[in-house]
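K.L.:
Provided below are the primary sequence and the corresponding predicted coordinates.
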Amino acid sequence: MADTYKYEHYKSIPEPAEKVNAKKKKPKLMAVVDEDNCTGCQVCVPFCPVDCIETVPAEKYEIPIPPVQVRFDECIGCQICARVCTKLTWDAIRMLPTEEFETLYEYSVAE
């Protein structure tokens, strides 16, 4: 009984994706990684159903463990990465409404 309680907080985290899918429509939200806050642990990577999270190129920061980044043209806004990051690690991924994201980053999200 005590072991069940110990892992109760993991219930809100889905299983890693078995099949990777493509984006079908413009998402309502976009995942944004705070690279200054990301530890580079990559816990979020296997949970992404469209496999759009990758490590930042090592030459960008020249540190042993670089943070991750989201390929915005592939993100479907499912929020799984943000939930996983918040529950299991450091809370470095936030979800922005797509309109706000496009204005802030001057980037048009494709459908």
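P.N.:
Sure, I can see it. Numbers count the residues shown, from 1 in each chain.

K.L.:
which residue ranges form the strands in this structure?
P.N.:
For the chain, the strands defined by DSSP state E cover 29-33, 53-55, 68-70, 93-97.

K.L.:
what lines up beside the second one in the sheet?
P.N.:
If I follow you right, that is strand 53-55. In the sheet, strand 53-55 lines up against strand 68-70 (antiparallel) (DSSP bridges).

K.L.:
and if you look at the first one?
P.N.:
Strand pairing for strand 29-33, determined by DSSP bridges: strand 93-97 (antiparallel).

K.L.:
what comes into contact with the strand it pairs with?
P.N.:
28-34, 38, 44, 70, 77, 79, 81-82, 85-86, 104 (CB atoms under 8 Å, 6 or more residues apart in numbering). (Each C-beta comes from the backbone N, C-alpha and C, glycine too.)

K.L.:
for the record, mean pLDDT for that strand?
P.N.:
Model confidence over strand 93-97, given as mean pLDDT, is 97.

K.L.:
Lovely, talk soon.
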